[in-house]
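S.K.: quick one, what's the 3D model for this:
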Amino acid sequence: MNFKRRGTILITLLVSLLLVISGCGTKAPATTPTPTASTEKIKVAFVYVGPVGDFGYTYAQDQGRKFLEANMKNVETTFVENVPETADAERVFTDLAQKGNNIVIGTSYGYMDYMVNVSKKFPNVVFEHCSGYKTTDNLGTYFNRDYQARYLTGMVAGKYTKTNVIGFLAPFGTPEVIRNIDAFTLGAQSINPKVEVKVVWTNSWNDPATEKTAANSLIDAGADMLAMHVDSPTFAQTAQDRGVLAIGHDSDMTKFAPNSILVGDVSNWGPYFVDVVKQVMNKTWKPVQYFGGIKDGGIIDITPFSAKVDKDFQAVVLAKKQDIMSGKFDPFTGPISDQAGTVKIKAGDKAADDVLLSINWFVKGVTGSIPKS
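M.R.: Numbering: from 1, shown residues only. As a prediction, the model looks like this:
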């Protein structure tokens with residue numbers, strides 16, 4: 001073999017070797033891989049509207065996150081708290097998607113449009129939005145039928161009010177909040193038709209100072225029972241200080257006002273989060289609108305009763321709970337009229353989910369107007 005030919009072969013081999021080395025160093029596209037059962041870790045990020053220590057709504061969601069980590073060892077979770085329902089939320093969701101999270105969960109209604117926007121930019125990331133109604137190819141929604149538990153706790157409120165005036169602290173006029181005020185009122189009226197539910201708006205999910213002022217104003221207006229849809233136990237502490245009763249929400253708040261709280265509703269998000277992760281890993285996840293009730297593994301339930309609630313009446317409430325679980329009874333079964341007396345749900349009819357998810361009217365017996373969300 002001559003030197004010229006030998007040189008050609010060597011050059012060819014060197015070029016081939018360089019191409020192989022170059023190919024080995026080529027980076028894959030910057031996308032988040034779909035996790036599988038063999039994936040070492042699946043990353044799940046949570047975005048909260050309030051602090052994890054609010055002992056209400058955000059606390060309950062974060063307890064669900066902890067449940068997920070405790071029950072799925074291949075899951076790694078992170079969270080960002082106190083994220084406002086503004087354009088800044090879109091920045092947070094974008095950042096979490098860019099950091100390689102496989103699943104991003106937004107836990108407040110006002111994140112909806114921002115999550116829609118971000119989901120379209122990151123098609124390989126699964127997004128879950130709590131309490132919203134918009135979906136995309138990779139954005140689903142979830143919520144619980146807390147109105148079922150609200151009806152039950154309303155029954156207790158209706159039984160134990162003496163002035164027939166119940167004060168209700170509400171943050172914003174969203175369908176979720178309106179639906180719960182209505183169900184609570186219907187439950188109270190089922191026991192005591194004379195009940196009036198007075199609503200005061202705080203314009204915040206979590207503002208203890210404003211909640212205290214609102215609670216005092218309702219007590220001053222004759223309420224001897226307080227309920228709420230905000231996130232802190234301040235209302236119950238105020239109730240106890242003033243010698244009136246209270247109904248909890250989202251988590252068991254009894255320890256904050258043991259002399260006032262009679263019962264409450266409690267959300268249990270953990271099993272749902274586990275189910276979502278399993279679906280993503282098994283590639284069976286779809287962008288559905290999940291709306292689970294009392295019968296669905298306790299995603300919504302009521303707390304233990306205070307000793308102030310007599311045993312016979314506890315049995316009445318628990319019997320109604322069984323009726324809800326079996327489908328024998330639904331809190332939004334007509335006839336139901338709005339504040340003006342107009343029949344909104346006819347006798348014997350049951351409100352469809354699309355009605356409940358977009359409800360924008362108060363039932364008869366609620367005092368207060370609904371602000372724009």
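S.K.: what segments of the protein are helices?
M.R.: Secondary structure of the chain (DSSP state H): helices at 3-24, 57-71, 87-98, 112-121, 146-160, 175-191, 208-220, 234-242, 270-281, 311-326, 353-356.
S.K.: wait, which of the ones you listed is closest to K198?
M.R.: In terms of C-beta to C-beta, the element of the helices of the chain nearest to K198 is helix 208-220, at 6.0 Å. Yep, even glycine has a C-beta here, placed from its N, CA and C like the rest.
S.K.: that closest one - what's its average pLDDT?
M.R.: For helix 208-220, the mean pLDDT works out to 98.
S.K.: distance of E211 from G53?
M.R.: 15 Å (C-beta to C-beta, to the nearest Å).
S.K.: any idea how far M72 lies from A149?
M.R.: 27 Å.
S.K.: still on that earlier bit, who has more neighbours out of E211 and G53?
M.R.: It is E211, of E211 and G53, that has more neighbours when counted by other C-beta atoms under 10 Å, with 25 against 11.
S.K.: run a quick neighbour tally on the closest residue to that one other than its chain neighbours.
M.R.: Of all residues not flanking E211 in the chain, T234 sits nearest, at 4.4 Å (C-beta to C-beta, 6 or more residues apart in numbering). T234 is flanked by 27 other residues according to other C-beta under 10 Å.
S.K.: mind listing what T234 touches?
M.R.: T234 is in contact with 208, 211-212, 215, counting by C-beta atoms under 8 Å, 6 or more residues apart in numbering.
S.K.: any low-confidence regions in the stretch 251-373 of the chain?
M.R.: Counting by pLDDT under 70, the ranges of the stretch 251-373 of the chain that qualify are 373.
S.K.: residue nearest the centroid of this protein?
M.R.: C130 (4.9 Å; C-alpha atoms, centre = their mean).
S.K.: M72 and A149: who's more crowded?
M.R.: Taking neighbours as other C-beta under 10 Å, M72 and A149 compare with A149 leading, 29 against 17.
S.K.: isn't that one right up against I300?
M.R.: Yes - with contact defined as C-beta atoms under 8 Å, A149 reaches I300; the gap is 5.1 Å.
S.K.: count the residues that sit near G222.
M.R.: Neighbours of G222 under the rule other C-beta under 10 Å: 13.
S.K.: which one is it nearest to, not counting chain neighbours?
M.R.: Excluding the flanking residues, the one nearest G222 by C-beta to C-beta, 6+ apart is V165, at 4.4 Å.
S.K.: contacting residues for the one you found?
M.R.: The neighbours of V165, taking C-beta under 8 Å, 6+ apart as the test, are 195-196, 198, 221-225.
S.K.: report the contact partners of Q98.
M.R.: Shown in contact with Q98 (C-beta under 8 Å, 6+ apart): F122.
S.K.: buried sites along stretch 209-216?
M.R.: Residues of stretch 209-216 classed as buried by neighbour count (16 or more other C-beta atoms under 10 Å): 210-212, 214-216.
S.K.: how far does that stretch sit from its chain's centre?
M.R.: 23 Å (C-alpha atoms, centre = their mean, to the nearest Å).
S.K.: what does it contact?
M.R.: Taking contacts as C-beta under 8 Å, 6+ apart, the residues outside stretch 209-216 that touch it are 167, 169, 200, 202-204, 226, 228, 230, 232, 234-235, 238-239, 242.
S.K.: drop anything exposed from those residues.
M.R.: By neighbour count, with 16+ other C-beta under 10 Å, these hold 167, 169, 200, 202, 204, 226, 228, 230, 232, 234-235, 238-239, 242 as buried.
S.K.: quick check: D113 touching H129?
M.R.: No - D113 is beyond contact range of H129, at 10.1 Å (criterion: C-beta under 8 Å).
S.K.: quick one: which of these two has more around it?
M.R.: H129 (29 against 14).
S.K.: any idea how far T94 is from T202?
M.R.: 30 Å.
S.K.: oh, I was asking about G50
M.R.: For G50, the distance to T202 equals 13 Å [C-beta to C-beta].
S.K.: cool, and P331?
M.R.: Taking C-beta to C-beta as the measure, P331 falls 25 Å from T202.
S.K.: again with I181
M.R.: Distance of I181 to T202, computed by C-beta to C-beta: 13 Å.
S.K.: who touches both of these two?
M.R.: Common contact partners of I181 and T202 (C-beta under 8 Å, 6+ apart): A170.
S.K.: coming back round to it: between all of the contacts of stretch 209-216, which two are at the greatest distance?
M.R.: Across those, the longest distance by C-beta to C-beta is 22.6 Å; it joins N203 and R242.
S.K.: tally of neighbours for I336?
M.R.: I336 has 19 neighbouring residues, counting by other C-beta under 10 Å.
S.K.: all set now, cheers.
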